[in-house]
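[1] Make a model of this:
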Amino acid sequence: MDLPRHHTIREGDQLISNPFTAEKLVTLGRAIGLRAGDTLLDLACGRGEMLCTWARDHGITGTGVDISTVAVEKARKRAVELGVADRVRFLHGDAGVFVADTPVDVAACIGATWIGDGVPGTVSLLERSLRPGGMVLIGEPYWRREPPSQEAVEACHAQSRDDWRDLPGLVTQFHDLGWDLVEMVLADQDSWDRYAAAHWLTIRRWLDANPDDELAPAFREELSTDPVAHVRYRREYLGWGVFALLKR
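    Got it, this is the predicted structure:
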């Protein structure tokens, strides 16, 4: 049980595996009012940057779960680097079936709602680990603008227009599920650029060092096509944000 090799190569040394900058992560932690001693569960936690930095900055404790052995190892090293290894733990496993032994104050899934087959299932999964009155954090894409073609849809990591909602539609979905939206922090075009362009540099350097690797042709194709897809479609049509929810 692990992520494909091409995924971990592409992510390189990036600490945040979504279109959030470190500054936006700081903004989110402050916006939701984290307090020392709060507990957090982060499903599909990636490299653990959110949990590690919030443990350092806000004095929280918590658990991260991810299917990637590379990500979990990097998260553990990051916890040591930031001096919070005694307050956070990272587990390798299937986040889609994980439920905390003790209810937590905040349950999060940032940009990986496929673990619950979409937003409704992921919110339901997170609620199973949440104390009464606790907060859910969901990171999810949405359409900034109506995509003009199937080419635009696929450039935005979707198979059909219906894979994502627009922002009003996503907020309405949270309401219809029985949750109040109480905070949100949205990615912008610059933070999308920081995430996407870092992949291109990582891929180019990897290609220079590994020209005969079996993955080299696919990465060469990606480096030839993804920058155009990003600037033509993704940064214009695809939004992304983290949404804080309280049960109504």
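
[2] Okay, buried residues for the lowest-mean-pLDDT helix or strand in the chain please.
    Sorting the helices and strands of the chain by mean pLDDT, DSSP states H and E puts helix 5-11 at the bottom, at a mean of 90. Going by neighbour count (16 or more other Cβ atoms under 10 Å), the buried part of helix 5-11 is 9-11. From N, CA and C alone the C-beta is placed, and that goes for glycine too.

[3] What helices and strands are in contact with the helix or strand that comes right after it?
    Next helix or strand after helix 5-11 toward the C-terminus (DSSP states H and E): helix 22-31. Helix 22-31 makes packing contacts with helix 49-58, strand 179-186 when contacts are defined by 3 or more Cβ pairs under 8 Å, 6 or more residues apart in numbering; DSSP states H and E.

[4] how about stretch 37-50 as CSV, C-alpha atoms only?
    Only the C-alpha atoms of stretch 37-50 are listed here, as CSV (Å, rounded to 0.1, in the frame of the first residue of the first chain):
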residue,chain,number,x,y,z
GLY,A,37,-3.8,21.5,23.9
ASP,A,38,-6.3,21.1,21.0
THR,A,39,-6.1,17.8,19.2
LEU,A,40,-6.1,17.4,15.5
LEU,A,41,-6.5,14.4,13.1
ASP,A,42,-5.2,15.0,9.6
LEU,A,43,-6.3,12.3,7.1
ALA,A,44,-4.2,12.0,4.0
CYS,A,45,-1.7,14.3,5.7
GLY,A,46,1.0,14.3,3.1
ARG,A,47,4.3,15.5,4.4
GLY,A,48,2.7,16.7,7.7
GLU,A,49,3.5,20.4,7.4
MET,A,50,0.1,21.6,8.6
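
[5] Next, the buried residues of that stretch.
    Buried, per 16+ other Cβ under 10 Å, within stretch 37-50: 38-50.

[6] same check, this time on stretch 169-179
    170, 173-174, 177, 179.

[7] Which of those fall within strands?
    Secondary structure from DSSP state E places Trp179 of the buried residues of stretch 169-179 in strands.

[8] need the buried residues of stretch 169-179 in a markdown table with distance to Val242, can you?
    Putting these into a markdown table (distance: Cβ to Cβ, whole Å) gives the following:
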| residue | distance to Val242 |
| --- | --- |
| Leu170 | 12 |
| Gln173 | 15 |
| Phe174 | 12 |
| Leu177 | 17 |
| Trp179 | 14 |
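
[9] can you map out the strands along this structure?
    39-43, 61-66, 88-92, 104-110, 130-143, 179-186, 238-247.

[10] possible to save these as TSV with mean pLDDT and distance to Asp226?
    Shown next, in TSV, are the strands of the chain (pLDDT from 0 to 100; distance: least, Cβ to Cβ, whole Å):
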stretch	mean pLDDT	distance to Asp226
strand 39-43	98	27
strand 61-66	98	24
strand 88-92	98	29
strand 104-110	98	22
strand 130-143	98	16
strand 179-186	98	22
strand 238-247	98	13
